[in-house]
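Asks: following is a predicted model, sequence given first.
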Amino acid sequence: MKGCNGSNILTILWNDGNGYFSFENPVNILDNQLINDKFNVFPNPFTNQLEIQLATDRSLHFQIIINNLLGQNIQVINLSNPDKAEEISFEWDGRDISGKSCPAGIYFITVISNSRKCTKKVVKM
């Protein structure tokens, strides 16, 4: 995909939900190296359960952050991998930190491990 003037930079105009627009990235999506090139979320779109699978590159700790379109943290999950397994699987039930069911919409799942991060977009129906 090409942005303005044929460059590889695509600028997105964000709506903050209050009628204001900005070029700032509210969810801090970075194009960093994938965590061992294996990070899957399914089904997508989902209704009540979302499975998050990741190859661990034998890391000990992972953090999964789920944000809404406004960049607000909906859920933060800290996972440990004491056995250094090659794959970890986690299910998100579509609830926020307080236990309330999140409304239908677009969410961003970010996995952080060893200063590397990867973000994927999911849709809750």
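Replies: Thanks, I have the structure now.
Asks: now do the strands in this protein.
Replies: Taking DSSP state E as the test, the strands found in the chain are 14-15, 21-22, 39-42, 50-55, 61-68, 73-80, 87-92, 105-113, 116-124.
Asks: bridged to the closest residue to Ser89 other than its chain neighbours, which residues?
Replies: Nearest non-adjacent residue to Ser89, counting by C-beta to C-beta, 6 or more residues apart in numbering: Gln53, 4.9 Å away. All C-beta atoms are positioned from the backbone trio N, CA, C, and that covers glycine. Listed by DSSP bridges, the beta-bridge partners for Gln53 are Asn40, Ser89.
Asks: measure Gln53 to Lys100 for me?
Replies: Separation of Gln53 from Lys100 (C-beta to C-beta, to the nearest Å): 25 Å.
Asks: quick one: which of the two has more around it?
Replies: Taking other C-beta atoms under 10 Å, Gln53 and Lys100 do not tie; Gln53 has more neighbours (14 against 10).
Asks: pretty sure that one sits against Ile88.
Replies: Yes - applying C-beta atoms under 8 Å, one finds Gln53 in contact with Ile88, separated by 7.3 Å.
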